[in-house]
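In: Fold the following and give me the result.
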Amino acid sequence: MSSPVTTVTTVADGFTFTEAPRWHDSRLWFADFYSGRVMSVREDGADARVEAVVQRQPSGMGWLPDGRLLVVSMHDRRVLRREPDGTLVTHADLSGHATGHLNDMAVDADGRAYVGDFGFDLMNGAPLEPAAVHRVDPDGAVTEVASGLWFPNAINLGADGLVLVNETFGNRVSAFDRAADGGLSNHRVWAEFGPVPAERSVAGALGQLVAAPDGGCLDAEGGLWVADAIGGRVIRVVEGGRITDEIRPGTNAYACALGGASGRTLFICTAPDFDERARRAARDGRIVAVPVRVPAAG
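Out: Numbers count the residues shown, from 1 in each chain. This is a model prediction of the structure:
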């Protein structure tokens, strides 16, 4: 295993808890959980913009074919759509489908959104329960497309219909095949760091995790960069689970995205921890940048 790190540069700081980074339209977009803001900055962190304010906590985001932003509203379990005049409207209501806060999301070229949820009340210490991934079609229709996942987090849409789902409390990354109609099938383990924890308390499960795959992104060679939420690191994993590279940004890492002009900048969302009360009270969330060898997929 090697590390491609030459420098770790702070791109943006002073946030509560940054998540769901995306490189889009020559800018880095991200959610700041507890200020309710969707932000964007240039590659060097300049020209910060508030793109949207999501009162019930923003998370995963993507774009429809016509360029309109979709963003998760976590606490009320909705996907919102930003209209051309900047207003936010409900694109889909998943409150009757999801069993926990909505989480990350990926949007395909046809405008279909794949959304995960916690599956249980993480912040109040409820026992772990498996959760599902739902597909939101462009007309807002909601369909369950995968189930039995342990905290489905980052969802990556790869080449030839491959879909990867990070299972934060599952010690693994799962894979699916995506059909032309958007359905998912052939659930299998793509990378396994350890067995699924036997403990169902959050503290007990955390103690049994080898890695907690949180946010992540694919590169052009099929490698998956994964933020390990318990390991203070970001790792590059290939199919089968081999770790090829490791970056330690100096604090905990919760999400990452490849981008920049060359596609070879790995943007990493960092914070001291993921405790909601502590993060609401501080402004320690930041985004750092690290140059890597392989550019972003696509």
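
In: Show me the helices in this structure, by range?
Out: With DSSP state H as the criterion, the chain has helices at 202-207, 276-280.

In: Compare these and give me the one nearest G96.
Out: Closest to G96 of the helices of the chain is helix 276-280 (CB to CB; 24.7 Å). Where C-beta positions appear, they are placed from N, C-alpha and C, glycine not excepted.

In: what's next to the closest one, contact-wise?
Out: Identification of contacts with helix 276-280 by CB atoms under 8 Å, 6 or more residues apart in numbering yields 16-17, 33-34, 123, 271-273, 285.

In: In strands, which of those residues fall?
Out: Among the contacts of helix 276-280, DSSP state E puts 271, 285 in strands.

In: P65: neighbour count?
Out: 11 (other CB atoms under 10 Å).

In: ditto for R233
Out: When neighbours are counted by other CB under 10 Å, R233 registers 19.

In: wouldn't it be in contact with A253 here?
Out: Yes: if you go by CB atoms under 8 Å, R233 and A253 touch, sitting 6.4 Å apart.

In: hang on, the earlier thing: from the contacts of helix 276-280, which has minimum pLDDT?
Out: On pLDDT alone, M123 ranks lowest of the contacts of helix 276-280, at 77.

In: Can you tell me the closest non-neighbouring residue to that residue?
Out: E276 (4.8 Å; CB to CB, 6 or more residues apart in numbering).

In: Could you measure from the one you found over to G100?
Out: 14 Å (CB to CB, to the nearest Å).

In: how many neighbours does W225 have?
Out: 26.

In: any idea how far it is from A46?
Out: For W225 relative to A46 (CB to CB), the value is 24 Å.

In: cool, F267 as well?
Out: Counting by CB to CB, the gap from F267 to A46 is 14 Å.

In: what about those two, which has more around it?
Out: Neighbours were tallied for F267 and for A46 using other CB under 10 Å; the higher tally belongs to F267 (26 against 9).

In: I figured the more buried one hits I287, correct?
Out: Yes: under the criterion of CB under 8 Å, F267 makes contact with I287 at 5.6 Å.

In: any residues in contact with both of those two?
Out: 11, 21, 28.

In: Between the residues you listed, which sits nearest N186?
Out: P21 (28.8 Å).

In: and the closest one, how far is that from A146?
Out: Counting by CB to CB, the gap from P21 to A146 is 23 Å.

In: do the same with D284
Out: D284 sits 34 Å away from A146, going by CB to CB.

In: of those two, who's got more company?
Out: A146 (22 against 17).

In: Quick check, that one in contact with G182.
Out: No: contact criterion CB under 8 Å: A146 and G182 do not qualify, at 11.8 Å.

In: Tell me how far the nearest residue to G170 once chain neighbours are set aside lies from I247.
Out: Of all residues not flanking G170 in the chain, W150 sits nearest, at 3.4 Å (CB to CB, 6+ apart). Plainly put, W150 is 25 Å away from I247 if you go by CB to CB.

In: Repeat that for H187.
Out: 29 Å.

In: so where's this structure shaky on pLDDT?
Out: Flagging of the chain using pLDDT under 70 yields the residue ranges 1-6.

In: Run through the residues that contact the residue lying farthest from the centre of it.
Out: Here the centre of the chain is the reference, and by CA atoms, centre = their mean the most remote residue is D85, at 26.9 Å. Counting by CB under 8 Å, 6+ apart, D85 makes contact with nothing.

In: Could you check how far it is from R68?
Out: Taking CB to CB, one finds D85 at 11 Å from R68.

In: shouldn't G45 be in contact with V11?
Out: Yes: assessed by CB under 8 Å, G45 is found in contact with V11 at 4.1 Å.
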